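In: compute the structure for the input listed below.
(2 chains, ligands or ions: 1)
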Amino acid sequence: MKHNIIEKIWQQHLIKSNSGFPDILGIDFALIHEVTSAQAFQQLADKHIPIRHPERLLATVDHSIPTRDDREQVHDPIAANQMATLRNNCQEHGIKLYDMGSGHQGIVHVIGPELGVTQPGMTLVCGDSHTATHGAFGALAFGIGTSTLAHVMATGALLMHPPKVMRVHFEGELAANCSAKDMVLHLIAQLGVGGATGHVIEYTGDAVKSLSMEQRMTLCNMSIECGAMAGVVAPDETTFAYIFGKPHAPKGQQWDLAVEHWRSLTSDSDCHYDAITAIQLDSVKPMVTWGTNPAQASHIDDQIPKTAHSHDALAYTRLTGSDQLAGTSIDWAFVGSCTNGRIEDLRVVADVLKNNTIAQHVTMYIVPGSEQVRKQAINEGLDAIFKQAGASFRQPGCSMCLAMNDDVVPAGARCISTTNRNFIGRQGTGSITHLASPLTVAHSAIHGHISAAMTNTINQQEHCNE
Amino acid sequence: MNKITHIKSHITPMMIDDIDTDIIIPAQYLTQTSQSGFGEFAFARLKAEPDFVLNQALFQNSRVLLAGDNFGCGSSREHAVWTIKELGYQAVIAPSFADIFSNNAKKNGLLLVTMDATQCQHWATTATKKDHMCHINIASQVVTYQSTSHHFDIDPFFKWCLTHGQDDLDYLHSQLPEIKTWEQRQQKLYLDIFGGQP
Ligand code: SF4
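Out: Numbering: from 1, shown residues only, chains lettered A, B, ... in the order given. Alright, predicted model coming up:
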């Protein structure tokens, strides 16, 4: 029997399959954060059910924490209560918590991989839809709701029907001014926001194999934006090299055993997929969203498509169908989130900002994905570059990705952002969001309007395509 | 979970596609640590518009929400389901639903009925009169409105939980012996990431 990678991981974790019932799937690891976990702890307490495997849980604070330097002072009493609740729950149940100042605090989807917790072939869940990020390692990782989290905490397993599998095959080569962010925005624009509902996506093709782990994470991260429950890239030497030596990676003989197992996690040739999509990369240019969902995106210098469907979206983003995205004036630029808040992303931005200053009317926030990323950026001198360019380099967290803390784009202001959702009001009531790659965001910040790097001048930031 | 076998109510027509979880309950209201207290912030942005369906007296006390395609897309927040339930809804009818939202709905006894877009649209246009009652029979998986009936699919296990008022966590918990057997097998591979030490 030929199997794809998802079927292989599913089989390995299938505890029971009983007709008329959902499958019981074993879960290796769960990540938790302050916004979606409190009610799960409460549900278990109400039922007097203990947590079965506290050692298979890892907690951090990210969603509602401030990113000011004095962030320990949480002014919002309700957010402070959420954090206090998480701290109490972790202490009471013996769950590892990477709190602010621990050296490893950060966005859950950034710290899992950097700690070596995320490993190929594992099942990993979190009360957060962007758990798909971890699929970059060949893990089956997906977002769950709070009640399902309670199931996992109580039993180490959950109830679920096997997903369908879609293969997304990237063909051709990506232009130098494009990145995984442009690949995935292009895909979402093609599939639509519900185009992969019910599926896990496996990303294949040479263009995917040649991506770094950080880029693969960006790709898998946004799988949910076309409806997929997860995205997966088969593990390979790049994956193993990234994991090797990470704090919680297997060591010594364990490492050899692990790698041997991980190597078996590839889709068999001629295996079955429920759907297949091919994407030609040669024609992909830097992508920017123009509407109010991530599928409403186009090439930076194309005209915005004018359809009946886009009418309300364009009314909100105050653009018209004949406009070009390039040249649209911006007020804010944001770099961060679990999509693009890792060290490579910050390096790309620093490369553009070096010896440049951001436009006077633009406010730019650069928020590292974790304390580790921040530390690394400082070690490399990136913070000095950000500062000299006029950007605010902040403490790690989700920040302006969902604007649950004080980091809010003001009503009516236009923000170009490396995040993953441009829903109405996502970055603050009345705010307008344009999703783009770190490279495009950095160029736009300098110019004060949406603009991308030209292909042939990728490292000469003084020449820009406007 | 409360036992539900029949739902009888007039319909709230909200024919907007891609109603995402940020529309249902914006992130800035997620700060509660309980499962309630979200209803008053439900659809906050849309509610600011006087014409919005939830502002119309006609649709108060409705138990059935009729919505557009891809309902519940976006984040995994179960708060979206809690919010809909807090508004009093027991069922949502739409052409399609996002995955995590469907899973969360099942955990909370919220029935999701998939029905084709044309039919949804058709029902929505007649739903403006309160005395038009919609009947949902969960046992026979049929929803009837005016003189049309629609047979819907339902996950058999969820149907059983719903019509018996059973909690799926109790079922899962009863399977612990088999879960333990699997864990012994799995131990070598992944289960000692923290070396058994938190
Ligand atoms: S960075 Fe944004 S998308 Fe990622 S976990 Fe935080 S809020 Fe969610």
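
In: avg pLDDT for stretch A:302-315?
Out: Within the predicted structure, the mean pLDDT of stretch A:302-315 is 82.

In: what are the buried residues along that stretch?
Out: Of the residues in stretch A:302-315, those scored as buried under the neighbour-count criterion (16 or more other CB atoms under 10 Å in any protein chain shown) are A:304, A:310, A:313-314. All C-beta spots, glycine's among them, are computed from the backbone N, C-alpha and C.

In: elements contacting the helix or strand containing B:W160?
Out: Element membership for B:W160 (DSSP states H and E) is helix B:156-164. Taking 3 or more CB pairs under 8 Å, 6 or more residues apart in numbering or on different chains; DSSP states H and E as the contact definition, the neighbouring helices and strands of helix B:156-164 are helix B:168-173.

In: so does the helix it packs on get close to chain A?
Out: Yes - remark: helix B:168-173 sits within contact range of chain A at B:168-169, B:171-173, by CB under 8 Å from any CB of the partner chain.

In: residue contacts, the residue of the stretch 1-150 of chain A found nearest the ligand?
Out: Ranked by CB to the nearest ligand atom, the top residue of the stretch 1-150 of chain A for proximity to the ligand is A:H130, at 4.4 Å. By CB atoms under 8 Å, 6 or more residues apart in numbering or on different chains, the contact list for A:H130 reads A:109, A:143, A:221, A:224, A:338-339, A:420.

In: need the max-distance pair from those residues.
Out: Within the contacts of A:H130, two members stand farthest from each other by CB to CB: A:G143 and A:T339, at 14.2 Å.

In: between the two, who's got more neighbours?
Out: Relative neighbour count places A:T339 above the other of A:G143 and A:T339, with 30 against 25, counting by other CB atoms under 10 Å in any protein chain shown.

In: buried stuff in the helix or strand hosting that one?
Out: For A:T339, the enclosing helix or strand under DSSP H and E is helix A:337-340. Under the neighbour-count criterion of 16+ other CB under 10 Å, helix A:337-340 has A:337-340 buried.

In: how far off centre is it?
Out: Between the centre of helix A:337-340 and the centre of its chain there are 4 Å (CA atoms, centre = their mean, to the nearest Å).

In: who's in contact with that helix?
Out: Under the criterion CB under 8 Å, 6+ apart, residues A:107-110, A:130, A:133, A:181, A:217-218, A:221-222, A:367, A:369, A:398-399, A:401, A:417-420, A:437-438 lie in contact with helix A:337-340.

In: what's the answer for stretch B:23-42, then?
Out: Contacts with stretch B:23-42, where a contact means CB under 8 Å, 6+ apart, come from A:35, A:38-39, A:42, A:64, A:76, A:78-79, A:81-82, A:85, A:402-404, A:423-426, A:429, B:43-46, B:54, B:72, B:75, B:77, B:79-80, B:82-84, B:86-87.

In: and it, how far out from the chain middle?
Out: In this view, stretch B:23-42 has its centroid 15 Å away from the chain centroid, taken as CA atoms, centre = their mean.

In: do it and the ligand meet?
Out: No - on the criterion CB under 6 Å from any ligand atom, stretch B:23-42 is out of touch with the ligand, staying 7.7 Å away.

In: buried residues in that stretch, which are they?
Out: Buried positions in stretch B:23-42, judged by neighbour count with 16+ other CB under 10 Å: B:23-33, B:35, B:38, B:41-42.

In: quick check: which element contains A:D312?
Out: Using DSSP H and E, the element containing A:D312 is helix A:311-317.

In: again, but for B:V81
Out: Secondary structure (DSSP H and E) places B:V81 in helix B:79-86.

In: is any part of that helix close to chain A?
Out: Yes - judged by CB under 8 Å from any CB, helix B:79-86 comes into contact with chain A through B:V81.

In: quick one: residues in contact with that helix.
Out: Residues external to helix B:79-86 that are found in contact with it (CB under 8 Å, 6+ apart): A:145, B:21, B:24-25, B:29-30, B:35-36, B:38-39, B:41-42, B:65, B:72, B:92, B:101, B:104-105, B:107-110.

In: on that earlier part again, same question for the helix holding B:W160, mean pLDDT?
Out: Helix B:156-164 carries an average pLDDT of 94.

In: tabulate the CA atom coordinates of it in CSV.
Out: Listed next in CSV are the C-alpha coordinates belonging to helix B:156-164 (Å, rounded to 0.1, in the frame of the first residue of the first chain):
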residue,chain,number,x,y,z
PRO,B,156,-23.2,9.9,13.8
PHE,B,157,-21.2,10.2,17.1
PHE,B,158,-22.2,13.9,17.5
LYS,B,159,-25.8,13.0,16.8
TRP,B,160,-25.7,10.4,19.5
CYS,B,161,-24.0,12.9,22.0
LEU,B,162,-26.6,15.6,21.1
THR,B,163,-29.7,13.4,21.3
HIS,B,164,-28.6,11.7,24.5
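
In: show me how far it is from its chain's centre.
Out: In terms of CA atoms, centre = their mean, the gap separating the centre of helix B:156-164 from the centre of its chain is 14 Å.

In: any stretches of the chain with poor pLDDT?
Out: The chain I'm using is chain A. Judged against pLDDT under 70, the low-scoring parts of chain A cover residues A:308, A:455-466.

In: that's the wrong chain, I meant chain B
Out: Ranges of chain B meeting pLDDT under 70: B:130, B:191-198.

In: okay, now the domains of it?
Out: With domains defined by automatic domain parsing, chain B comprises B:6-153, B:167-198.

In: just name the most buried of these.
Out: For those, average neighbour numbers computed from mean count of other CB atoms under 10 Å in any protein chain shown are highest in domain B:6-153, which has a mean of 19.

In: quick check: which of the domains of chain B is nearest to A:S210?
Out: Comparing those under CB to CB, the one sitting nearest is domain B:167-198, at 27.9 Å.

In: just the endpoints, please. Distance across stretch A:354-362?
Out: For stretch A:354-362, the first-to-last residue distance is 17 Å (CA to CA, to the nearest Å).

In: from the chain's centre, how far out does it sit?
Out: Relative to the centre of its chain, stretch A:354-362 is centred 27 Å away, using CA atoms, centre = their mean.

In: list of residues touching that stretch?
Out: Counting contacts by CB under 8 Å, 6+ apart, the residues outside stretch A:354-362 that touch it are A:329-333, A:364, A:385, A:388-391, A:445-449, A:461.

In: tell me the buried residues within the residues you listed.
Out: The neighbour-count test (16+ other CB under 10 Å) applied to those identifies A:330-333, A:364, A:385, A:389-391, A:445-449, A:461 as buried.

In: quick one on the thing from earlier: wait, does the following helix or strand past the helix holding B:V81 contact chain A?
Out: Secondary structure here is assigned by DSSP H and E; on that basis, the next helix or strand after helix B:79-86 toward the C-terminus is strand B:91-94. No - against chain A, strand B:91-94 shows no contacts by CB under 8 Å from any CB, the least distance being 11.1 Å.

In: for strand B:91-94, packing partners?
Out: If contacts are counted by 3+ CB pairs under 8 Å, 6+ apart, strand B:91-94 sits against strand B:64-67, strand B:111-114, helix B:117-126.

In: partner strands of that strand, with direction?
Out: When sheet partners are counted by DSSP bridges, strand B:91-94 sits next to strand B:64-67 (parallel), strand B:111-114 (parallel).

In: quick revisit: let me know the closest of the buried ones among the contacts of stretch A:354-362 to A:A207.
Out: Out of the buried ones among the contacts of stretch A:354-362, the one with the shortest distance to A:A207 is A:Q461. That distance is 24.7 Å, counting by CB to CB.

In: what about the buried residues of stretch B:23-42, which are in strands?
Out: Restricting those to those inside strands, with DSSP state E as the criterion, leaves an empty set.

In: which pair of those residues spans the longest distance?
Out: Pairwise distances across the buried residues of stretch B:23-42 (CB to CB) peak at 22.8 Å, for the pair B:I23 and B:T33.

In: about what we covered before: now check the helix holding A:D312, is it near chain B?
Out: No - applying CB under 8 Å from any CB, one finds helix A:311-317 out of contact with chain B, separated by at least 8.9 Å.
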